[in-house]
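[1] Just to be clear, the model below is a prediction. Sequence and coordinates:
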Amino acid sequence: PRGPMKKAPARFAPRRDANQDVVSAAPLEHSLKQARRTGKLVLANQSLTSVPDDVWQVSSLTFGDKWWELLEVAHIDLHHNELVRLPDDVDVKACLPELKVLDLANNKLEAIPHAFFVNTLVKLDLSNNHLQALPDEIAISKFITELNLCNNKLRELPPTMGDLTNLQHFNASNNILASIPASMARCRQLNKLILHHNKLVSLPDIFSGLDNLTELELSCNVLTSVPPMRSLVLLTRLDLRENKIAKVDALPPALSELHLGFNALTAVPPEVFRITSLKILDLRTNKIAEIDPEIVSLRELKRLELSNNDLMGVPVAMGGMAALTALVLDGNPLKTVRRDILQKGTLAFLQYLKSKMDDKSTDEDPRLPGGASGSDVLLRDARAKGSLDLAGKKLQDLPPQTWDMTDLTVLKANKNAIQVLPPQIANLQLLATLDMSDNKLGDLPMELQACNKLTELYLMNNALTNAIVVGSLRHLRILDLRRNRLSSLPDDLFGLLHSLFELRLGGNAFVHVPRSLFTLPSLVNLDLSSNRIEEIPTDVTNLKSLQSLDLSNNNLSMLPPEMGLMTHLRALEVQGNMLKTLRTNIIAKGTIAILETLRLRLPQQ
C-alpha cells in the first residue's frame, strides 16, 4: 500500500487523473497549503472523478514553511464531486494519522475500501452515493460519533454496527433496508436515529439499551408494530408516519412530538394520554372513529391532527384545552358539529365546545356506571379486555362489581372523588397498572400488597400522608406519588424495589430523602422537586442508571461535588434553590455546565 513520502518542499504541475480529467495545479497547491495550515483539506465541488495522489501525501508536504507551525490534516472534504471509486492501495492510517472527519457525500461511490475505516475517525459522511453494502470493517472506526449513510442503495447493515459504541447520530434514511441489526442495542450513546424511507418490516427489541435517544425517525416504512419504547425517557420526537401500524404500546413518557399519521389505527392508543408533555400529536389518515375524553389530560398540546379519519364528533371537554392552537378535522364524517362552525377555525370551534360543556344533555356518557345499562356495558367490556376505565366518572366509591373482576390487569379510576381504596383491592391479584391519580385518598390499605404483579402505580394528586405498603410491591417500574402530603418515608422503604425505573415524589413536604432510594439499581428518572429538602447525600452517586434528576424548588444550599462524576445524567434540574456554590449563569447553561462545575470542586487527589 502507498504510504507517506519523506518530507520535502512540494512542486506541482498540471496533472491528469485516470479518466484524463485535467486537475489544475495552482488551486490544488493552494488547497494543500491551506490544509497544512488549518488542518482541513477542502476539495469540494471540483468535478473530480478520482482523488489526486497528492492528497495522500499531504502530511509529508512542507511548502518551505516552518515545519513546527504546520498541522496534521484532520478533516478532508470531498463532497459534491464525481468520484466513482476510491483507491484500494492507499494506507490511509499511515498517510493521514490524525484523520477525524471524512466527507464523501454527493459522489457516485459504489463501495468504500476497508482501509478508509481508520480508528481515528469521528465523523463520516457517505450520504448521496450509490453504496450497496457497508463492510464489517466499519467496526474499526469505533470512535465515530456521526455516521451519515442516507440516500444510498443499502439493503442491510453489518452486524458489527453494534461495535460503534460511541455513535451519537446515525442516519440511514432513503435506502432499502428491510431490518437493522440487533447488535445496535449496544450503541448506547445514540441520541438521533434516522431510518425513514426504507423497507423496514419489523424492528428488533433494541430500545431498552438506547436510553439516550432524543429523536427517532421511522416514517415511510412498512412496520406493522414497534417494540416497547417506554425506557426511552429522553426521547422528545417520535415519527412513525406512513407505516401499517394498527396498535402502539409502551410509548416513551416524555415526548413533545408524536407522529402516527397514515397508519391503520382504529383508536387513539391509551398510552398517549399519559404523555402529558406532548405538544404535537399527528393522527391524520387513520381509521379512528372516536376520541376518548381523556384527550384533555394533554394540557400542553398545541397541535392535534385528526383529518381523514372516521370521526362523527369530538368530546365537548376538548373545549377546555387552553393550549390547543391548531385542531385539524378535515375529511371526517362529522355530524354533531355544523360545517360553518368548523370553518371559523380552531379558536372558534373550541369556544363552541366550551359553551356546550355545561350542557348536561350533550355531556351525557351512556357508559357511566350511574345507570344500569351503562354499567352493564362498561363492565362487560372490561371483563372482555381485562381493563376497566372509570376515569372522570365523578365517582365517590368504586363500583362493588369491580372486586369480582379478578382477571383485571388494568384499573384506571383517576379524576374522581374517591376517598378510600377498600381492602377488596386484594382480590385483583393480576393487576399490572393501577391509576388512582386525582382523587381524595388519605391512606392506602395494607391489602394492596396482595397486588404483587403491579408494575405501574399512579397516585398523584391525592391526600396521602404515608405510603408504606408500596415497599412490598417489588415488581414496580413506575411509582407516582407527586402532590400528596408526604413528609417522610421509612429509610428502608425502597429496599425491595429493584425494578423501579421511574420515581416521582415531587410536590410533597420531604425534608430528607429516604436512604434506601439511593440503592435502586434500575432507577432512570427521579423527581424530588417542590419539597423542602435541605441536603442531598453523596449516596446519590450510587444511582448508576440515573439519567434525569429533578431537584428544583427545594431548600438546598449546596450540592455534593461528587455529583460531578455522574456523567450518565442527561437532565439535572436545580433551579428554585438557594445554592451558594453554583452561580445563576452556570445553572442557566444546563446539566453539562453544572456537572463540570461540581467536578472542579472535588478535592485534588
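    Arrived safely. The model shown is predicted, which means the values in this text are computed figures rather than measured ones.

[2] Start from the N-terminal end of the stretch 401-550 of the chain and give the strands.
    Under the criterion DSSP state E, counting those that start in this stretch, strands of the stretch 401-550 of the chain are mapped to 410-412, 433-435, 456-458, 478-480, 502-504, 525-527, 548-550.

[3] The fifth one - what's its average pLDDT?
    For strand 502-504, the mean pLDDT works out to 93.

[4] Given it, what are its sheet partners and their directions?
    Paired strands of strand 502-504, with direction, are strand 478-480 (parallel), strand 525-527 (parallel) (DSSP bridges).

[5] which residues touch the first one?
    For strand 478-480, the external contacting residues (C-beta atoms under 8 Å, 6 or more residues apart in numbering) are 437, 455-460, 470, 497, 500-504. The way it works is simple: take the backbone N, C-alpha and C, and place the C-beta from them, glycine included.

[6] Between which two of the residues you listed is the distance greatest?
    Farthest-apart pair in the contacts of strand 478-480 is 437 and 497; separation 19.5 Å (C-beta to C-beta).

[7] The contacts of strand 478-480 into JSON lines, with extra columns for neighbour count and distance to residue 69?
    Output for the contacts of strand 478-480, formatted as JSON lines (neighbours: other C-beta atoms under 10 Å; distance: C-beta to C-beta, whole Å):
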{"residue": "437", "neighbour count": "22", "distance to residue 69": "66"}
{"residue": "455", "neighbour count": "18", "distance to residue 69": "63"}
{"residue": "456", "neighbour count": "20", "distance to residue 69": "62"}
{"residue": "457", "neighbour count": "24", "distance to residue 69": "65"}
{"residue": "458", "neighbour count": "20", "distance to residue 69": "64"}
{"residue": "459", "neighbour count": "25", "distance to residue 69": "67"}
{"residue": "460", "neighbour count": "19", "distance to residue 69": "63"}
{"residue": "470", "neighbour count": "21", "distance to residue 69": "66"}
{"residue": "497", "neighbour count": "25", "distance to residue 69": "61"}
{"residue": "500", "neighbour count": "25", "distance to residue 69": "57"}
{"residue": "501", "neighbour count": "21", "distance to residue 69": "54"}
{"residue": "502", "neighbour count": "21", "distance to residue 69": "54"}
{"residue": "503", "neighbour count": "22", "distance to residue 69": "56"}
{"residue": "504", "neighbour count": "20", "distance to residue 69": "57"}
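
[8] For those, give me JSON lines that also has distance to residue 49.
    Shown next, in JSON lines, are the contacts of strand 478-480 (distance: C-beta to C-beta, whole Å):
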{"residue": "437", "distance to residue 49": "65"}
{"residue": "455", "distance to residue 49": "60"}
{"residue": "456", "distance to residue 49": "60"}
{"residue": "457", "distance to residue 49": "65"}
{"residue": "458", "distance to residue 49": "63"}
{"residue": "459", "distance to residue 49": "68"}
{"residue": "460", "distance to residue 49": "64"}
{"residue": "470", "distance to residue 49": "69"}
{"residue": "497", "distance to residue 49": "63"}
{"residue": "500", "distance to residue 49": "60"}
{"residue": "501", "distance to residue 49": "54"}
{"residue": "502", "distance to residue 49": "56"}
{"residue": "503", "distance to residue 49": "60"}
{"residue": "504", "distance to residue 49": "60"}
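
[9] Could you check how far residue 397 is from residue 230?
    According to C-beta to C-beta, to the nearest Å, residue 397 and residue 230 sit 31 Å apart.

[10] So for those two, which sits in the more crowded spot?
    residue 230 (19 against 14; other C-beta atoms under 10 Å).

[11] Look at the more buried one and report its pLDDT.
    At residue 230, pLDDT is 84.

[12] all strands of the stretch 101-250 of the chain, in order?
    Under DSSP E, counting those that start in this stretch, the stretch 101-250 of the chain gives strands at 101-103, 123-125, 146-148, 169-171, 192-194, 215-217, 237-239.

[13] Let me know which of the ones you listed is the nearest to residue 46.
    strand 101-103 (13.1 Å).

[14] So what touches the closest one?
    44, 74-79, 116, 121-125.

[15] Partner strands of it and their direction?
    Sheet pairing of strand 101-103 (DSSP bridges) gives strand 75-77 (parallel), strand 123-125 (parallel).

[16] can you put these in CSV and add distance to residue 216, mean neighbour count and mean pLDDT?
    Output for those, formatted as CSV (distance: least, C-beta to C-beta, whole Å; neighbours: other C-beta atoms under 10 Å; pLDDT from 0 to 100):
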stretch, distance to residue 216, mean neighbour count, mean pLDDT
strand 75-77, 29, 20, 94
strand 123-125, 21, 21, 97
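
[17] Which residues are in contact with the residue nearest the centre of the chain?
    Central residue of the chain (C-alpha atoms, centre = their mean): residue 235, 1.2 Å from the mean position. Counting by C-beta under 8 Å, 6+ apart, residue 235 touches 213, 214, 215, 216, 229, 252, 254, 255.

[18] Closest to residue 557 out of those residues?
    residue 254 (29.2 Å).

[19] wait, doesn't residue 147 sit right on residue 157?
    No - counting by C-beta atoms under 8 Å, residue 147 stays clear of residue 157, with 10.3 Å between them.

[20] now the stretch 251-400 of the chain, which segments are flagged as low pLDDT?
    Within the stretch 251-400 of the chain, the ranges that satisfy pLDDT under 70 run 357-378, 380.

[21] Tell me which stretches of it form helices.
    All helices of the stretch 251-400 of the chain, identified by DSSP state H, counting those that start in this stretch, fall at 339-342, 346-356, 360-363, 372-385.

[22] Tell me the one of the contacts of strand 101-103 nearest residue 204?
    For these, with residue 204 as the reference and C-beta to C-beta as the criterion, the closest is residue 124, at 23.6 Å.

[23] And the closest one, how far from residue 147?
    Note on residue 124: its distance to residue 147, by C-beta to C-beta, is 5 Å.

[24] Now stretch 498-515: buried residues?
    Neighbour-count burial for stretch 498-515, with 16 or more other C-beta atoms under 10 Å as criterion, is recorded at 499-508, 510, 513-514.

[25] Rebuild the strands paired with strand 502-504 as JSON lines, extending it with distance to residue 287, mean pLDDT and mean neighbour count.
    Shown next, in JSON lines, are the strands paired with strand 502-504 (distance: least, C-beta to C-beta, whole Å; pLDDT from 0 to 100; neighbours: other C-beta atoms under 10 Å):
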{"stretch": "strand 478-480", "distance to residue 287": "30", "mean pLDDT": "94", "mean neighbour count": "21"}
{"stretch": "strand 525-527", "distance to residue 287": "34", "mean pLDDT": "93", "mean neighbour count": "22"}
